[in-house]
Structure formats: structure tokens, C-alpha cells
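Engineer: Here is a sequence with its predicted model. Questions after.
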Amino acid sequence: MSSENFDVKYVAELARIKLTPDEIKTFESQLANVLEHVAKLNEVDVAQVEPMAHSFPIYNVFREDELRESLDREAALSNAPRQAHGLFIVTKVVE
Amino acid sequence: MEITSLAAHEIQALIRAGKISPKEVIHALARRIEEVDPVIHGYLSHDVERAIAEAETVDVNLPLGGVPVSIKDVINVKDHPCGCASKILEGYVAPYDATVIARLRAAGAIPFGRLNMDEFAMGSSTENSAFGPTRNPWDTTRIPGGSSGGSAAVVAADEAFAALGTDTGGSIRQPAALCGRVGLKPTYGRVSRYGLVAFASSLDQVGPITKDVRDAALLMNIIAGSDKFDSTTLDEPVPDYTAGLEKGVKSLKLGLPKEYFIEGLDPQVERSVRTAVAQLESLGAEVVELSLPHTEFALSTYYIIAPAEASANLARFDGVRYGFRSTGANVLLYHYVKTREEVFGPEVKRRIILGTYVLSSGYYDAYYLRAQKVRALIRQDFAKAFEKVDAIVCPTSPTPAFKLGERTSDPLSMYLADVFTLAANIAGICGISVPCGFVEREGKRLPVGLQVLGKELNESTLLQVGYAYEQATEWNKPKPQFD
């Protein structure tokens, strides 16, 4: 576990965030510190440990697939920055 | 005496007895906010007219009939703004009630105002709010804690009777401690998160910040329980949390974990906490030392798991379905990139990037998977401890409230503010912070919190310990003086 390969600009792009040159510089050193700190986990012997995604052993909660009330279309669209004809409007994807 | 200084159960008793109307209560609250909130800045907004309209039809005989309860800006209240103190949600109006809000309404409470917080609950000081920090009523040059800093500050400054906060790594307990009030983080799954804007889904819980332990119990009676809209809620009966308050601590065995009394713990804070523990002993509790050996790895585990989950949860803020949308992008990719670049604050960007990195191909095993394994060990520590003791007692925060600006340039030092609270979220157990004294800094008295941690679904024991301690001491009585 090392932060050597941590390319903040590249990772930000993966997360769909663009950074200014100043942010790249600041975040690089701040996050390098954090990564150095979390490298502490290398000290723990986890060879025999099962990973735990959340704290209780509850998996697969099922329910009947039944019709029930939900937000109506108008309410669901009410916060959209752009909408028309009952649809969200997105920026062009293909020509 | 100003009625706004009363606890929720006290004001409810007056309302029920017909001594004051819900409308008068809301007016008094509005006056208090006008008087003190320009200094404290705990509210992002509040709508007095709407609250009064709702008060007209409320049944005052319900458990919280007519009592305004103030709400952290991360919980959806129908027709109120819900912005997570972020510019990306500016203008968003909630189209539905969160389950906790529906339950508050069913108990007669009036959801009131939007409380300041760190943007998307990421932070320990409320300085990451896009709308300016909240100030600690005990010393307005200091932070109130975070991320539910607005919730804790308004309860401490008597500009709320009680509040809801959320706790992902200490965000209820730490600000409650730094503002000298009571804060309870329920067991993971005890309270529904339907309608809560998600930060880290395996850690988040909603809980109360209140003036006394009885109010915390009362609010838990209302908000706890399974919910068909949140499949992570536990299908377990909800006890009457107020019923066991007076049981005392005589039959209880409390554990003092040595890993929580370490370098970095302020000596005066340590003294307050040790005195409180001695007092619980004199009230009849048996106190034993114990060890939670993986405590030192909690911070690292948390700062892998929480950002990882946040990076996925915050992908939904893309400027399409709600919130801010950048103009000028002519292709979808740039639309996303510009929208997120322009309005996410620095801490949110940092955590999304960190989370994306620890989940990315080639690093997943080294970081995220390893953290999930250490998480199992941390949980095991607590499980073993709770075989021997009924609850664990320790400090809530290693230091009293620090100065505004003191830690903003060094994220790691900010993260250390939660070093004693985050293990409870990682393990999914419950915890409460109750006031246990003051330390003096620059002529000001700053509150200290005692943290009591309990086994999953054992909130009753925490409330029982907190209540016994509160009854034997006066630490929740003093009111902050500020100009």
C-alpha cells in the first residue's frame, strides 16, 4: 500500500471532477498525508479475517413485488434544472 | 425565565396543560433566533409562518404535541429546502417527508428550520458549510463541532427545544459534547434513513441532540423502529426508552478502555471524564478496565470506508435530476465535470477523490477490502467487551472546542477530532454523549462530554447511565453567555 502512484488529477477525472492547478497541488499533499496515515492498516494481520461490508449480518431483504404509492411525475421532476414534456433534459450525448 | 430555555418534554407539559399555545411557543422561538442566531448562525433558514400554520392543527395530547423540533439540513422535510449546506443543492425543495419526519409529525412535533452542518456531513467543525460556519455558544471564536454543529449549537443556545442530527463518525456525539448537550447515535439499523441524504451508507444514523437525557429517550421512542422504505432497518421491537431511565446504575458493570486514555487526550478533559467515571462508581456501578486492541486502527479504517461510500453516493449529484447545473457545457461529460467542479466544496472533492482512489482497480484490495477486514476486527473487540460489561465509558472528544480556522488547512488534524467516536459507527453499536464538566480556556468555560457506548440495540442502557449521571450532577444546567 503506497501513495506513490496516486495521481490526483487522473482520479479526479474518474470521479467527474475537474481541479484547478492550485487544487491539484494542495489536494496532492493533503491526500498523500491521509494515505500515509491509512497505510497503518498494513500492520494488521487480516489473513484469517472475512471482510465486513456493514455491521450486521443482514443480507438480501425481500418483499413482495407489489404496486405501491410513489412520487408522482410532477413531484419527481419538480427540482430538475431542465425539464419538459414530463422528462429530464440532459446535455447532448451523441451527434 | 425564557421559555426557550426549556427542554422539549418541559415545554410539551406546559402546552398540554394549556399554559401556553404551540403558536406562542413558535413566536418565542422565532424571537430567540432573531436575538442570538446572527452570532451563532445555527440556522440556514426557518419558516415561522409555515410552522404556525402547522401548529393550528396539532394534537397537543400527543407525546411531542406542539413542540418544534429543529432539523439538520440533510433530512428531507416536505416542501422545505434540503441543501446539505451545499451549493449543489441550492434551490432544492424536498418533495416528500423522511420517515423520521413523518414519525415526528405523527407524534405531534412540528419540524422546524434547516440547521447548518458541514457540507454533506463531511467534517468535524461545521466550517465546511458552503454558507459559513456555526459558532460555539460557549465561546463564539470556537467551532461547535460537526458535522451536526448547527444542531448542537442551537440546542445549547436555547434557539431550539431539541434537534435531529446525523452521525456517520461522531457527527452527533462530538458536537453535543463540545456544546455541552446530550447527543445519541442509535445502533445501525435502529432508525430509518429513508429521506436522509446518504453520505456513507454503512455508517450513517439519524439521532437526537437534546437538552437532557429524558428528551433523548422521548425522541428515540418516536423515531426508532423498522421501516418498509429502508431495508437496512432492524425488525426488532422498540422499547419505551423513557421507562427505564430511573433504574440507576447499581446493577451495571462499566468498562474503561485503556486505548481511549492516550497521548493527544487533553489532560483536563481526561480529568473530567475520570471524575465522571468515579462518580458513576459512587452511584453503585462497577467499573473495570478493559482493552479494545484495534482502536488505533479505527481512524484509518474509517477514512477508507467513509470516502469510498461517499464517492459512490455523491455520484448522483450530476446536475440532471435536481440541484445546480452548470451552463455552457455542450457535451454530457463536460456538463458533469463542470457542474461538480463549480459547486462542491474542497472537503467534498477531497473525499470523493480519496474514495474513488481506494475503490479503483489495483487499489481496491489494498485499501477498501483490507479496511473491511479490519472493520470486522474492530467489531469483534466490542463484541468481546460486551460479554464482560454492560457499557463502555470514555471521552467523546480528545479536546474541547478548538478555534475557528485552527484545523482547516490540515485535513488529517481535523479527522483526529473524531478519533474516539468513529469506532462505534464502524462496529454499528450505539453511543451517547452527556455533559460531564468544563475546562477553562482563555477565560471561557468549554464543555466536556462523557461518551457511553453500548451493545447493538442497547440504547436503553446508555440512557439509563446518562440519566443517572445527569441526575447526580449539574453539568447540563449551565447556560452559555455570549454577545
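Structural biologist: Received the coordinates, thanks. Bear in mind the structure is a predicted one, so any value in this text is a computation, not a measurement. Numbers count the residues shown, from 1 in each chain, chains lettered A, B, ... in the order given.
Engineer: Just the closest residue of the stretch 1-150 of chain B to chain A, please.
Structural biologist: Taking Cβ to the nearest Cβ as the measure, the point where the stretch 1-150 of chain B comes nearest chain A is B:Pro95, at 4.1 Å. Where C-beta positions appear, they are placed from N, C-alpha and C, glycine not excepted.
Engineer: Tell me the secondary structure at that residue.
Structural biologist: Assigned by DSSP: H, G, I helix; E, B strand; the rest coil, the conformation of B:Pro95 is coil.
Engineer: Isn't it up against A:Ser78?
Structural biologist: Yes - the pair B:Pro95 / A:Ser78 is scored as a contact, 5.8 Å apart, by Cβ atoms under 8 Å.
Engineer: And those two? Which one has more around it.
Structural biologist: Applying other Cβ atoms under 10 Å in any protein chain shown to B:Pro95 and A:Ser78 shows that B:Pro95 carries more neighbours, namely 18 against 15.
Engineer: which non-adjacent residue is nearest the residue in chain A that chain B sits nearest to?
Structural biologist: Closest residue of chain A to chain B, Cβ to the nearest Cβ: A:Ser55 (2.5 Å). Spatial nearest neighbour of A:Ser55, excluding adjacent residues (Cβ to Cβ, 6 or more residues apart in numbering or on different chains): B:Gly428 at 2.5 Å.
Engineer: For the one you found, grab the count of nearby residues.
Structural biologist: B:Gly428 has 21 neighbouring residues, counting by other Cβ under 10 Å.
Engineer: what's the burial count for the closest residue to the residue of the stretch 1-150 of chain B closest to chain A other than its chain neighbours?
Structural biologist: Spatial nearest neighbour of B:Pro95, excluding adjacent residues (Cβ to Cβ, 6+ apart): A:Ala75 at 4.1 Å. Applying other Cβ under 10 Å, we find 14 residues neighbouring A:Ala75.
Engineer: Let me know the next secondary structure element after the strand or helix carrying A:Ala75.
Structural biologist: Applying DSSP states H and E as the criterion places A:Ala75 in helix A:73-77. Remark: after helix A:73-77, the chain's next helix or strand is strand A:83-84, criterion DSSP H and E.
Engineer: which phi and psi does the residue nearest in space to the middle of chain A have?
Structural biologist: Nearest residue to the geometric centre of chain A (Cα atoms, centre = their mean): A:Ala15, 7.5 Å. A:Ala15 adopts backbone torsions of phi -90, psi 10, taken as degrees, to the nearest 10.
Engineer: what sits against it?
Structural biologist: By Cβ atoms under 8 Å, 6 or more residues apart in numbering or on different chains, A:Ala15 lies in contact with B:Ser311, B:Ala315, B:Arg340, B:Ile352, B:Ile353, B:Gly355, B:Thr356.
Engineer: The last one against A:Tyr10, yeah?
Structural biologist: Pointing back at B:Thr356 there. No - if you go by Cβ under 8 Å, B:Thr356 and A:Tyr10 don't touch, sitting 9.8 Å apart.
Engineer: ok, these two, which is more surrounded?
Structural biologist: Shown here are B:Thr356 and A:Tyr10; by other Cβ under 10 Å, B:Thr356 has more neighbours (24 against 13).
Engineer: secondary structure class for that one?
Structural biologist: From three-state DSSP, the assignment for B:Thr356 is helix.
Engineer: so what's it up against?
Structural biologist: Per Cβ under 8 Å, 6+ apart, neighbours of B:Thr356: A:Val11, A:Ala12, A:Leu14, A:Ala15, B:Ser311.
Engineer: Could you report the neighbour count for the second one?
Structural biologist: This points to A:Ala12. Neighbour tally, A:Ala12, other Cβ under 10 Å: 24.
Engineer: now the one 10 residues further on
Structural biologist: When counting by other Cβ under 10 Å, one arrives at 8 neighbours for A:Asp22.
Engineer: would you say it is within a helix?
Structural biologist: Yes - the assignment for A:Asp22 by three-state DSSP puts it in a helix.
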